[in-house]
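Engineer: 3D model of this:
(4 chains)
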There are 4 protein chains.
Amino acid sequence: MQLGMIGLGRMGINMVGRLMKAGNECVVYDPRAEAVQTSRSQGAVGTSSLEELVARLATPRVIWLMVPAALVDEILSKIASLVEAGDIIIDGGNSYYHDDIRRGAEMRSRGIHYVDVGTSGGIAGLERGYCLMIGGEKEIVDHLDPIFAALAPGIDAAPRTPGRQDSDGTAEQGYLHCGPHGAGHFVKMVHNGIEYGLMAAYAEGLNILHSANAGKRVQDMDAETTPMRNPEFYQYELDLPEIAEVWRRGSVVASWLLDLTAEALIDDAELTEFSGRVSDSGEGRWTTLAAVDEGVPVPVISAALFSRFESRGNADYADRLLSAMRKQFGGHGEKKAGG
Amino acid sequence: MQLGMIGLGRMGINMVGRLMKAGNECVVYDPRAEAVQTSRSQGAVGTSSLEELVARLATPRVIWLMVPAALVDEILSKIASLVEAGDIIIDGGNSYYHDDIRRGAEMRSRGIHYVDVGTSGGIAGLERGYCLMIGGEKEIVDHLDPIFAALAPGIDAAPRTPGRQDSDGTAEQGYLHCGPHGAGHFVKMVHNGIEYGLMAAYAEGLNILHSANAGKRVQDMDAETTPMRNPEFYQYELDLPEIAEVWRRGSVVASWLLDLTAEALIDDAELTEFSGRVSDSGEGRWTTLAAVDEGVPVPVISAALFSRFESRGNADYADRLLSAMRKQFGGHGEKKAGG
Amino acid sequence: MQLGMIGLGRMGINMVGRLMKAGNECVVYDPRAEAVQTSRSQGAVGTSSLEELVARLATPRVIWLMVPAALVDEILSKIASLVEAGDIIIDGGNSYYHDDIRRGAEMRSRGIHYVDVGTSGGIAGLERGYCLMIGGEKEIVDHLDPIFAALAPGIDAAPRTPGRQDSDGTAEQGYLHCGPHGAGHFVKMVHNGIEYGLMAAYAEGLNILHSANAGKRVQDMDAETTPMRNPEFYQYELDLPEIAEVWRRGSVVASWLLDLTAEALIDDAELTEFSGRVSDSGEGRWTTLAAVDEGVPVPVISAALFSRFESRGNADYADRLLSAMRKQFGGHGEKKAGG
Amino acid sequence: MQLGMIGLGRMGINMVGRLMKAGNECVVYDPRAEAVQTSRSQGAVGTSSLEELVARLATPRVIWLMVPAALVDEILSKIASLVEAGDIIIDGGNSYYHDDIRRGAEMRSRGIHYVDVGTSGGIAGLERGYCLMIGGEKEIVDHLDPIFAALAPGIDAAPRTPGRQDSDGTAEQGYLHCGPHGAGHFVKMVHNGIEYGLMAAYAEGLNILHSANAGKRVQDMDAETTPMRNPEFYQYELDLPEIAEVWRRGSVVASWLLDLTAEALIDDAELTEFSGRVSDSGEGRWTTLAAVDEGVPVPVISAALFSRFESRGNADYADRLLSAMRKQFGGHGEKKAGG
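Structural biologist: Here you go, the predicted structure:
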């Protein structure tokens, strides 16, 4: 099948590679000429403008956008003005599903088919394949099946779930038509919200292990600080890289994220390369907003999100207020040392 | 009534002042001679050793400890060796109630009466009076009534609760015998746990108001950062000192803590005097531990506690782990700027 | 000053009472004729239709809406078609500030002045006065000063904040012009978010006290349940009404909400009248949404919101999933008894 | 190697099976004669008393306890009186590591070697192997290597972590000597704390997906309830079993817990078999306590724990308090319906 790919960042270029490996033809565009050149050297048909990309595709065209969420509307608008009724535009980035619903309706009014695809897999996807969560019209999604099948990991990527019947569904291949416009990104959004919670669970637990020697630290004795009552219970010097490794086999907490954590810890268990300012790219926020709209409690996912906000200093004013209140009622000055 | 006070810190010296104002005689000791001198100049009988303090008190002696929690056992042990059966020792500091239960039993085995008093009121207590939560033997607590009545704010400090009957209870005076050994500090511990939650609620809310102009800030557009979707809703420049003030009258969130917050904001709405490292002095932790033991969910109180831990950098290793995981699966480098 | 009040529910009818007491003239309307009749008997000019209400008011008209948030747009639209340029319409209910921004612009395009007022005080407001947070054009807000001054508690409702200078500001009177359209409801929204956190802090703390006798309960001994390790620390039978009362005087947690809690506990410390399904009326959700938009961490306020969701059974499916997972990996059946 | 197993519950009997399959000799005891008979039929040497078990073992004896945590002290005490200096007793259950430290010292004073082993793997362990986290004296742990190697999954259970060097460590085999007495159960405790967080993240996320049709439900319009503002965004009917399945391949949230979730959802996506009362067996509580002692923030792990408490009704009194407060300040009656 032929596909036009717009956006050759980390994700886009690897997806093109995987698509071509499965025998699909890829026409690519990126404003950075060197990215186009790299992809061309891997077998893609490079183009130097959106117009050229559209011109090089046979109808009904299939165009996949893999660009930052903030740029989708602008690029989509340009492409929509170039393509014809019956063509298909796929947004495979991290768009907010609200936008998909709007865009789906806008495109439909022009006879263009819009498909939203939530894509998980990260930089490992070239080799492992991408998990695809898809929203859009059923017949269009069916038409694109060769694309999705090529990108997805395939059934051999995991053992069959016990109790599962042989069926013609695609979930076992690693891709799924979730519902109408927006359903793909909705499911991907929640997927990422879960990811926030999973990551935070590991991070908190490893942080406890990291402080398992807290009883060895000397402590102040004053009215501001409670001394540790039981330092004898916190005398362990634990080897975190080995612990992350041992959990990878046979434990209940084994996961791909744990695999990655074990890998990250090998070089430097203290992770001094990082400062601890944790970014968030939208989905954790949107997941929380959706939960609030639905009235669904998400104490864990939201706590994971707020920890990221806090890691970036966004609680500072609140913290200063707490210190100010403490000074007001107790005359407590701020202390310099932690604990 | 005559009372010996050990410990003339912020709290102790003011309590002595209030006790004497009500006609009680106070014999005081503190290792800092200048503190003793100050108290003596206010009318107290100063002493220069525990031995002298004990010698100056008539039996049955009443001795009040107002010292850091970490020092209580050592001082209690010394005093216990100096006093006689029938004497009364009161711990009015922030002891863990587990210790009260142990100390109560130890003292009882020596014929000494032990009373634990949780004392709230902070530096304002000299004028407002102290809220006292008391644990110990009923007859001993009754015997100490003049002390408690002098320290407490008295019935006029708040309007009568509608529906409340005239009674001979003391809660309306601002002091209460809560139960046996440890009950006073147990109730005070939970009181402080609640305080953590209240303070955090104000701090979080005011932080939202403080960022009500977030839509005015320019934002990056890249795959790492979701742009603010609706900057038009965050264009307010709010006057926090005035808002804290307006809430003091007629609103549902009026409280003494809000009064203090309004006061703190007057001088400098940005609170630049503070760095935002928020101490915790034990009770928030103990409240959380008690809740966990009881199986009682405390998402709010624990969140308030954890925010203080985070303010002191104790989440740093967890945050670095999150950044490391993000780099592993997504190739995301850490960003310098917040958001 | 003359004012038209639309909506004579719990809040509206009391506000009319307070306005008239201060010498203002009130023309009122409510679809429930008996409510109009009640208000008329208290001195208001009753009307039986929006048209009549508008006709009875002198220009520039001042019309205050005190209706459920869901009905504001419909009623506002009707009134806007009846009034003239220069008239003023105030929404004093619990509108979302997003709506205020939109409505403010719509009304402005028709020459009508729109003012949003967040009103706190509840059913006690008739007597205590209402705390008013106001958004809109400065000159219009100034024009309405007699209305706001009549509704607000006045400066005597609280002692002056130390450090505060004499000024011509209104915050000390209990009302405040916070900013342009929406600013009033924005501040009120956050006010209510704080209220959620405060309420939860008290509720959690009192729940710990309520279970202070947990060590007395017999426990199962099986692989599913950890026995309480230290039942000796949970043997207290605490008197919650008395504890809530004692905290009202001199303690750091004294507040109006605590006053109300003390009152609620007098009749029945077990609160058997209530089932524990806690409603939420929007502001807690909106506060959380705003915090997420701003990137401000609100672990406490959100936890308070989610506890309400959970109280209504909205976590049930998640809980069943947890039990299902536990059965999968551990063969654990669900237990009937709590703990 | 020869090993005595005490406790033939779900875990114990499978571990015996796995040990024998690897050529070890197992002498077993359980108070339930039928369990002994089953194990005997699988090749174990059955005994009918602790005395008999001890008598059947060659010195230095190796005895593994796999019994409920609440029974360990009693059984350990009996066995300690039967064995000789130089013998080894292993606690492979879910003991609190505080107990291990105490027991290790007690046993050492009698010349007995004590080893604590945290065992993960659940009922799948017979086939997959068990992940073992071990605390105790190094030479004793080394001596027991054949036992641990037989129980653990082995290196082939997961692909090698990139960057990891060939080494003689055992973590890649699935077992690890973590440190001195208690270190095994400490690491296992935190492992389970992480597990709580992971499970909650999936449960919350799937709950959001489960309510993705919330916009279809009719809503009340009154002052107590905010109507859903954007029902058009919550019109999805999502197929949760298929979504859990699709995430198993290529996605960032793939894990063994997800595998189990997918399996649980196949039969009944509504999980009507479960009531949603979620047990907790101690480790989540202990993890939270350790974090609080260390001053490490664990908002996610604690939130997961508290959600379990809430699922069992332990927030009920707090919720009734909230309803009572709402009635006090707003005259709000409780509503029957959720939302």
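Engineer: the stretch of helix or strand A:L322 belongs to packs against which elements?
Structural biologist: According to DSSP states H and E, A:L322 maps onto helix A:316-330. Counting contacts by 3 or more Cβ pairs under 8 Å, 6 or more residues apart in numbering or on different chains; DSSP states H and E, helix A:316-330 is packed against helix B:183-210, helix B:256-267, helix B:299-311. All C-beta atoms are positioned from the backbone trio N, CA, C, and that covers glycine.
Engineer: surely A:A157 touches D:R249?
Structural biologist: Yes - assessed by Cβ atoms under 8 Å, A:A157 is found in contact with D:R249 at 4.1 Å.
Engineer: list residues touching both of the two?
Structural biologist: A:129, A:174 (Cβ atoms under 8 Å, 6 or more residues apart in numbering or on different chains).
Engineer: show me which of these two is the more surrounded one.
Structural biologist: Using other Cβ atoms under 10 Å in any protein chain shown as the criterion, A:A157 and D:R249 rank with D:R249 on top: 26 against 17.
Engineer: surely that one and A:P159 touch.
Structural biologist: No - when contacts are counted by Cβ under 8 Å, D:R249 is not listed as touching A:P159 (10.6 Å).
Engineer: what touches both of the two?
Structural biologist: In contact with both D:R249 and A:P159: no residue, using Cβ under 8 Å, 6+ apart.
Engineer: closest residue of the stretch 51-200 of chain A to chain C?
Structural biologist: A:P162 (9.8 Å; Cβ to the nearest Cβ).
Engineer: so what's the backbone phi/psi at that residue?
Structural biologist: Reported as degrees, to the nearest 10, the phi and psi values for A:P162 are phi -60, psi 140.
Engineer: distance of it relative to chain D?
Structural biologist: The spacing between A:P162 and chain D, counted by Cβ to the nearest Cβ, to the nearest Å, is 6 Å.
Engineer: which non-adjacent residue is nearest that residue?
Structural biologist: Leaving aside its sequence neighbours, A:P162 sits nearest to D:E263 (Cβ to Cβ, 6 or more residues apart in numbering or on different chains; 5.5 Å).
Engineer: ditto for A:L257
Structural biologist: A:L198 (5.6 Å).
Engineer: number of nearby residues for the one you found?
Structural biologist: 33.
Engineer: touching, it and D:M199? I think so.
Structural biologist: No - with contact defined as Cβ under 8 Å, A:L198 and D:M199 do not form a contacting pair (9.9 Å).
Engineer: so what's the residue nearest to A:L257 up against?
Structural biologist: Contacts of A:L198 (Cβ under 8 Å, 6+ apart): A:255, A:257, D:197-198, D:201-202, D:253, D:255.
Engineer: try 7 Å
Structural biologist: A:255, A:257, D:198, D:201, D:253 (Cβ atoms under 7 Å, 6 or more residues apart in numbering or on different chains).
Engineer: per-residue pLDDT, the spatially closest residue to the first one that is not a sequence neighbour?
Structural biologist: Same thing as A:S255. Distance criterion Cβ to Cβ, 6+ apart; nearest residue to A:S255, sequence neighbours excluded, is D:S255 at 3.1 Å. At D:S255, the model reports a pLDDT of 97.
Engineer: verify the stated contact: D:S255 with A:D259.
Structural biologist: No - using Cβ atoms under 7 Å as the test, D:S255 is too far from A:D259 to be in contact (9.8 Å).
Engineer: let's see the lowest-mean-pLDDT helix or strand in chain A as CSV, backbone CA atoms only.
Structural biologist: When each helix and strand of chain A is scored by mean pLDDT, DSSP states H and E, helix A:125-128 comes last, with a mean of 90. What follows is helix A:125-128, C-alpha atoms only, in CSV (Å, rounded to 0.1, in the frame of the first residue of the first chain):
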residue,chain,number,x,y,z
GLY,A,125,8.7,0.8,18.0
LEU,A,126,10.8,0.3,14.9
GLU,A,127,11.8,-3.1,16.2
ARG,A,128,9.0,-4.1,18.5
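Engineer: do any residues in the helix or strand that it is followed by lie close to chain D?
Structural biologist: Using DSSP H and E, the next helix or strand after helix A:125-128 towards the C-terminus is strand A:131-135. Yes - using Cβ under 7 Å from any Cβ of the partner chain, strand A:131-135 reaches chain D at A:131, A:133.
Engineer: residue contacts, A:M189?
Structural biologist: With the criterion set at Cβ under 7 Å, 6+ apart, A:M189 makes contact with A:97, A:283, A:286-287.
Engineer: dump those residues to TSV, plus pLDDT and secondary structure.
Structural biologist: TSV is the format used below for the contacts of A:M189 (pLDDT from 0 to 100; DSSP: H, G, I helix; E, B strand; the rest coil):
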residue	pLDDT	secondary structure
A:Y97	98	helix
A:E283	95	helix
A:W286	97	helix
A:T287	98	helix
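Engineer: out of those residues, who has the most neighbours?
Structural biologist: That'd be A:T287 among those, by other Cβ under 10 Å, with 29 neighbours.
Engineer: wait, that one sits on A:I194?
Structural biologist: No - here A:T287 does not reach A:I194: they are 8.1 Å apart, not a contact under Cβ under 7 Å.
Engineer: overlap in contacts, these two.
Structural biologist: Joint contacts of A:T287 and A:I194 (Cβ under 7 Å, 6+ apart) do not exist.
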